[in-house]
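K.L.:
what would the 3D arrangement of this be:
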Amino acid sequence: MLLSLLVTLSAASPVPTVPISSVQGLDEGTEVEVVGVVVDLRRYDSGTEAIVLVDLADGCSISIYCIDGIGPRPTDYAKVGDELVVIGTVLWSGGSASLLSRPGQVILSRASEYVLTPDLLSRNWASFVGDEVTIRGRIIEGQQLGEARLSDESCGATVLLRSDSVNLLLYADSDVVLAGELKMDSSELSLFISVDWVRPQE
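P.N.:
This next block holds a predicted model:
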């Protein structure tokens with residue numbers, strides 16, 4: 001009887017999906033669903049995992065604490081750049097709101113290579129600099145001799161590529177998936193990906 005009542009209430013009261021920016025206006029204990037892109041992910045000795053999600057449309061972010069429990073934990077399947085759907089309960093501390101979640105309530109929606117583009121990376125570089133990212137696009141030759149860039153053909157945005165291990169221009173004019181660390185060259189104030197590997201898009 002109790003189980004039937006819980007199922008009925010769950011079906012009648014779905015968890016609302018809200019923008020990350022609106023969580024700061026909610027009361028503690030409110031259960032919500034948010035969608036965002038991972039910019040930080042770490043596991044503590046206690047078993048709790050901390051995730052920072054950002055809305056790439058407006059730059060708003062939120063911290064999510066996934067407590068230890070039964071089932072795969074986010075660090076087992078998620079990485080920086082992935083899009084997650086998270087159900088959690090609003091928790092207030094230190095004047096800001098975060099979400100408390102558990103295994104099974106953190107769902108991988110899209111892998112990084114289907115989320116990040118050169119345009120998004122350029123506009124949100126501060127959230128990803130220093131991180132390993134996986135991204136897709138077309139490698140083109142840059143204006144400088146031997147220069148390779150990753151192009152977002154939908155809008156013309158590009159990001160500089162460098163690598164000590166991959167001959168990037170072998171992939172010129174090819175659609176690829178690549179991974180590497182997003183870095184900032186402070187001497188030239190230029191953003192680039194230090195590429196570890198490249199493969200053709202399937």
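
K.L.:
neighbours of D68, how many?
P.N.:
Neighbour count of D68, defined by other CB atoms under 10 Å: 13. The C-beta positions use only the backbone N, C-alpha and C, and glycine is treated the same way.

K.L.:
dihedrals phi and psi, it?
P.N.:
phi -60, psi 140 (degrees, to the nearest 10).

K.L.:
pretty sure K79 contacts V38?
P.N.:
Yes: contact criterion CB atoms under 8 Å: K79 and V38 qualify, at 6.8 Å.

K.L.:
A126 should be in a helix, yeah?
P.N.:
Yes: assessed by DSSP: H, G, I helix; E, B strand; the rest coil, A126 belongs to a helix.

K.L.:
please say which of K79 and V38 ends up with more neighbours.
P.N.:
Just comparing K79 and V38: by other CB under 10 Å the higher neighbour count belongs to V38, 24 against 17.

K.L.:
please look at the more buried one and G81 and confirm they touch.
P.N.:
Yes: using CB under 8 Å, V38 is in contact with G81, at 6.5 Å.

K.L.:
list residues touching both of those two?
P.N.:
Listed as contacting both V38 and G81 by CB atoms under 8 Å, 6 or more residues apart in numbering is no residue at all.

K.L.:
break this structure down into its structural domains.
P.N.:
17-112, 116-200 (automatic domain parsing).

K.L.:
for the longest one, what is the average pLDDT?
P.N.:
The average of the pLDDT scores along domain 17-112 is 93.

K.L.:
so how far is that domain from its chain's centroid?
P.N.:
Distance of domain 17-112 from the chain centroid (CA atoms, centre = their mean, to the nearest Å) equals 11 Å.
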